[in-house]
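Colleague: pasting the structure only:
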């Protein structure tokens, strides 16, 4: 490496350190910079065709634009994004979008329908974790050139394999995977036909309100406001997201004024902020659920009686009142509250004797040994330890394997776990966002294309797959609700999923901060309106 390049790298490191580690003597953060503490160790990639983690989705929502958006105050309303208008053919299969003519990428390249078509095709061709959100409409690598096309610079068209409810299709397009990327820039960085994926995993090619400045895994994300954004420039010039794993440290930094906003405070920290007039605390209910995923490759977990027994070995009420006070509510079905057809039934509670009887009937009267992967951060690790203690009451030895978000997710996606404990968040505002991943596994082979949560847990679902497919295309709302209710009840009766709580994202911020938007999904958290 040459001398000038070494110097540039050294200077860059100093700048990053200055941005991330503000001295305690500084009273408050810079007026033009928004500084937030958050657990961001789950980020695996910055490519929106691959992003499928909470922090990565939030990043995508601020760096990329999409064709359409739902109203975060009323998710039933779909509004324009990069597409200023759209139409649907009489047969319900062809969607046409008129693309805005005043949008430029951060590179300076104009955004056109050709970029939008490229972006959707790219998702299908790469076939990474979130690709099924678009692939469910019949798109495949061998047909994308004809099913997804640009008529001209302002007209994007795509044709689905059969009619779907237009609202369902549009809701899927609000997901982070449908972000529009700069096709010209990515072509410059393409290697061996990878659609620029290798480069985009650590860079950006968007047109959103912010552009990527720096990503230091497990340290920080730094974003610069894009002055020529089509919605207008953000009021702040920079957003700094610091990875602070410990909620207690987040609270300390917030009270000292070293950060403007904290995202992961727990019950103890929130209680400690009571009466602090400098801090505003407010809830943002999320379509995310805490759950256990039980790998059916494990001999014991493959027994229906064992799966049911585990549901009776969790003290839902105690955990909600202690570790999850104010930050979650007991919820035991796959559809979060607020979604069409969501059930609010909570039939399970801690009952050790019932669990023991079920284990005995399943052939495990003396229990068994099993491992559980969990993120090594509050509150997950605290909840995991409580679950470990309760399992022991029924003779089950639970070995905890803590790791950062990236480690646990990578292992889970390869279905190399016994039990996975984590959060699952809705990708779009339609009940199929969860029914399609928890109840549908059309191919249980190791090299399957559609790697849903049911697939990750090696659970074959022929009957439920049929129900999910029927619910997805049903236009009668009452019938559709009934189908989703049946799916939820079947999953509660027997499945490899133990659903426990629904998350409430509690925001704690300095009183002078305004304009931070926290929508119902993790990719509808926006910084562009923040003012200080």
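Modeller: Perfect, I can see it now. Fair warning: this is a prediction, and the values are worked out from it, not measured in the lab.

Colleague: Please compute how far the helix or strand harbouring residue 433 lies from its chain's middle.
Modeller: In the assignment (DSSP states H and E), residue 433 maps to helix 432-438. Chain-centre distance of helix 432-438: 13 Å, with CA atoms, centre = their mean, to the nearest Å.

Colleague: Buried residues, it. List them.
Modeller: Buried residues in helix 432-438, counted by 16 or more other CB atoms under 10 Å: 432, 433, 434, 435, 436, 437, 438. Any C-beta I mention is one placed from the backbone N, CA and C, and that applies to glycine too.

Colleague: Equivalent analysis for stretch 151-159, please.
Modeller: For stretch 151-159, a neighbour-count test (16+ other CB under 10 Å) marks 154, 155, 156, 157, 158, 159 as buried.

Colleague: And stretch 342-352, by the same measure?
Modeller: 342, 343, 346, 348, 350.

Colleague: repeat for stretch 482-500
Modeller: Buried residues in stretch 482-500, counted by 16+ other CB under 10 Å: 483-485, 487-488, 491-492, 495-500.

Colleague: likewise stretch 105-124?
Modeller: 105-106, 110-124.

Colleague: all helices in the stretch 201-350 of the chain, in order from the N-terminus.
Modeller: Here the stretch 201-350 of the chain has its helices, by DSSP state H, counting those that start in this stretch, at 247-256, 267-273, 304-311, 316-321.

Colleague: closest to residue 402 out of the ones you listed?
Modeller: With CB to CB as the criterion, residue 402 lies closest to helix 247-256 of these, at 15.9 Å.

Colleague: Stretch 342-353 spans what distance, first to last residue?
Modeller: Taking CA to CA, to the nearest Å, stretch 342-353 runs 30 Å from one end to the other.

Colleague: what packs against the longest strand seen in the chain?
Modeller: In the chain, with assignment by DSSP state E, the single longest strand is strand 279-294. Applying 3 or more CB pairs under 8 Å, 6 or more residues apart in numbering; DSSP states H and E, one finds that strand 279-294 makes contact with helix 267-273, helix 304-311, helix 380-393, strand 419-425, strand 497-510.

Colleague: Now find how far off-centre it is within its chain.
Modeller: On CA atoms, centre = their mean, the centre of strand 279-294 falls 11 Å from the chain's centre.

Colleague: So what angle separates the directions of that strand and helix 304-311?
Modeller: Angle, strand 279-294 to helix 304-311, by axes from the mean of the first three to the mean of the last three CA atoms, to 10 degrees: 160 degrees.

Colleague: Please spell out which residues along strand 279-294 are buried.
Modeller: Buried residues in strand 279-294, defined by neighbour count with 16+ other CB under 10 Å: 279-281, 284-294.

Colleague: One more: stretch 168-188?
Modeller: Quick answer for stretch 168-188 (16+ other CB under 10 Å): 168-186.

Colleague: Could you do stretch 349-368 as well?
Modeller: 350, 354, 355, 356, 357, 358, 359, 362, 364, 367, 368.

Colleague: Mind telling me what element the fifth one is part of?
Modeller: In this structure, residue 357 sits in helix 352-361 according to DSSP H and E.

Colleague: Show me what that helix is packed against.
Modeller: Counting by 3+ CB pairs under 8 Å, 6+ apart, helix 352-361 packs on helix 304-311.

Colleague: Just the mean pLDDT for the helix it packs on, thanks.
Modeller: Mean per-residue pLDDT for helix 304-311: 98.

Colleague: Check which helices and strands that helix sits against.
Modeller: strand 279-294, helix 352-361, strand 497-510.

Colleague: Could you export these as JSON lines, including distance to residue 254 and mean pLDDT?
Modeller: Putting these into JSON lines (distance: least, CB to CB, whole Å; pLDDT from 0 to 100) gives the following:
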{"stretch": "strand 279-294", "distance to residue 254": "6", "mean pLDDT": "96"}
{"stretch": "helix 352-361", "distance to residue 254": "40", "mean pLDDT": "98"}
{"stretch": "strand 497-510", "distance to residue 254": "6", "mean pLDDT": "98"}
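
Colleague: Quick one, which of those gets closest to residue 443.
Modeller: Of all the helices and strands packed on helix 304-311, strand 279-294 sits nearest to residue 443, with 18.2 Å by CB to CB.

Colleague: Of the helices and strands packed on strand 279-294, which is nearest residue 222?
Modeller: Among the helices and strands packed on strand 279-294, strand 497-510 sits nearest to residue 222 (CB to CB), with 19.2 Å.

Colleague: buried residues in the closest one?
Modeller: By neighbour count on 16+ other CB under 10 Å, the buried set for strand 497-510 is 497-503, 505-510.

Colleague: Out of those residues, flag the one nearest to residue 322.
Modeller: residue 501 (12.2 Å).
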